[in-house]
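> pasting a predicted model and its sequence here:
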Amino acid sequence: MGKLDNRVAIVTGGGRGIGRGISLVLAREGASIVLADIDRVNAPQTAQEIRDLGRQAIVVHTDVTNPDSAEAAVQEAVSHFGRVDILVNNAGVVGQHVGGGNITLDDWDACYQVNLKGIWIMSRAMVPHFKEKGGGKIVNIASIAGRKGGPGLAHYCASKAGAISVTQSLARDLGPGNINVNAVCPGLLWTDMWRQLEAMIGGDETPEVVDRRQVFDAFLSTNCPLRREQTPEDIGMAVAFLASEEAKNITGQALNVDGGIELN
Ligand SMILES: NC(=O)c1ccc[n+]([C@@H]2O[C@H](COP(=O)([O-])OP(=O)(O)OC[C@H]3O[C@@H](n4cnc5c(N)ncnc54)[C@H](O)[C@@H]3O)[C@@H](O)[C@H]2O)c1
């Protein structure tokens, strides 16, 4: 028996990286999965991996920044599976530039729209169904970058601090409707997002930063007490716990899964 037998979960950005890991863990715990992703290439592959586990999965092309798209995703999920029990707001971006003087208005807007407003848009679309069926679980993927500001990442850090804040507000608003709202703050995961970040930090033209994985490893070895990177499966297991009945009395919390990098 899994923690999430007979549940249905929507995972935004579920096609690759952390979202893929979350989707596979939730499926392993018994859930059927709706992959709500703007990407059209990776999500069908992840859906097939879930079916190979013997679970059900559908892909719904979704842009979390667009309220009509969010509404349509929820409606399609409910009409396909008859219900939705869990919403995981995982979709995220880091923008095209890092560095105090390099961040553009477009970078700022992209982080705000996807990482923060997207959580609210998807939750707003989901809540009427949760209220109608007497409850539900929302798990937002924030970041340890939301715990304190970081150099050159004002746009990303601010959006992730906002993600923690909106988690707390929604928990207070939705608790009386038996809706738990929590966040997971991942630490360092070597996904496409981090590879993109390392490329931006290194500068594509900088010859000495050839193997950018070394930069990631160096950061881990100096900043992470457990001295190891986190994996999408680690984040998935934390999400599965928060989305399960084991966490029925936990709401408004943000759980770091970061090997001890941040201690609050
Ligand atoms: N990688 C890390 O070290 C790390 C650390 C802390 C937090 N996070 C957060 O975890 C989440 C996943 O990160 P990742 O590393 O897997 O990134 P990723 O870039 O590998 O994957 C992001 C996913 O989100 C989807 N997406 C982007 N914009 C979207 C939109 N408008 N609508 C729907 N889907 C959209 C992408 O298509 C992709 O599938 C993000 O919220 C990220 O900020 C990542």
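Received, thanks.
> before we move on, which element is Val25 in?
Here Val25 sits within helix 17-28, counting by DSSP states H and E.
> from Arg227, how far off is Leu220?
According to Cβ to Cβ, to the nearest Å, Leu220 and Arg227 sit 7 Å apart. The way it works is simple: take the backbone N, C-alpha and C, and place the C-beta from them, glycine included.
> show me which of the two is the more surrounded one.
Leu220 (19 against 12; other Cβ atoms under 10 Å).
> following element in sequence after the helix or strand hosting the more buried one, please.
Applying DSSP H and E as the criterion places Leu220 in helix 213-223. As assigned by DSSP H and E, the chain's next helix or strand after helix 213-223 is helix 232-242.
> could I get the average pLDDT for that following helix?
Throughout helix 232-242, pLDDT has a mean value of 99.
> and it, what does it pack against?
The contact analysis (3 or more Cβ pairs under 8 Å, 6 or more residues apart in numbering; DSSP states H and E) places helix 232-242 against helix 17-28, strand 136-141, strand 179-186, strand 254-257.
> could you give me the buried positions within the helix or strand of the chain with the lowest mean pLDDT?
Scoring the helices and strands of the chain by mean pLDDT, DSSP states H and E places helix 192-202 at the bottom, with a mean of 82. Under the neighbour-count criterion of 16 or more other Cβ atoms under 10 Å, helix 192-202 has 193-194, 197-198, 200-202 buried.
> now could you export just the CA positions of that helix as CSV?
Taking C-alpha atoms only, helix 192-202 is exported to CSV below (Å, rounded to 0.1, in the frame of the first residue of the first chain):
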residue,chain,number,x,y,z
ASP,A,192,18.7,21.8,-16.4
MET,A,193,17.9,24.9,-14.3
TRP,A,194,21.2,24.6,-12.4
ARG,A,195,23.2,23.9,-15.6
GLN,A,196,21.6,27.1,-17.1
LEU,A,197,22.5,29.0,-14.0
GLU,A,198,26.1,27.8,-14.0
ALA,A,199,26.4,28.8,-17.6
MET,A,200,25.2,32.3,-16.8
ILE,A,201,27.5,32.6,-13.8
GLY,A,202,30.5,31.3,-15.7
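> how big is the angle separating that helix from helix 213-223?
Orientation check (axes from the mean of the first three to the mean of the last three Cα atoms, to 10 degrees): helix 192-202 against helix 213-223 gives 90 degrees.
> use 11 as the first number from now on
Got it, first residue is 11 now, which makes that one helix 202-212.
> check whether helix 202-212 comes near the ligand.
Yes - if you take Cβ under 6 Å from any ligand atom as the test, helix 202-212 does meet the ligand, through 202-204.
> run the chain-centre distance for that helix.
Relative to the centre of its chain, helix 202-212 is centred 18 Å away, using Cα atoms, centre = their mean, to the nearest Å.
> which residues are contacting it?
Applying Cβ atoms under 8 Å, 6 or more residues apart in numbering, the contact partners of helix 202-212 are 26-27, 102-104, 106-109, 162, 198, 219, 222-223, 225-226.
> most neighbours among those, please name it.
Result: Gly102 is most packed of the contacts of helix 202-212 (other Cβ under 10 Å), 27 neighbours.
> tell me how far it lies from Asn125.
5 Å.
> can you check which residues contact both of those two?
Common neighbours of Gly102 and Asn125 (Cβ under 8 Å, 6+ apart) do not exist.
> can you give me the strands in the stretch 11-160 of the chain?
18-22, 42-47, 67-71, 96-99, 146-151 (DSSP state E, counting those that start in this stretch).
> relative to Leu36, which of these is closest?
strand 18-22 (5.0 Å; Cβ to Cβ).
> strand partners of that closest one, parallel vs antiparallel please.
strand 42-47 (parallel), strand 96-99 (parallel) (DSSP bridges).
> need these in TSV (columns: distance to the ligand).
TSV is the format used below for the strands paired with strand 18-22 (distance: least, Cβ to the nearest ligand atom, whole Å):
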stretch	distance to the ligand
strand 42-47	5
strand 96-99	8
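> export those strands to TSV and tack on mean neighbour count?
Below are the strands paired with strand 18-22 laid out as TSV (neighbours: other Cβ atoms under 10 Å):
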stretch	mean neighbour count
strand 42-47	29
strand 96-99	30
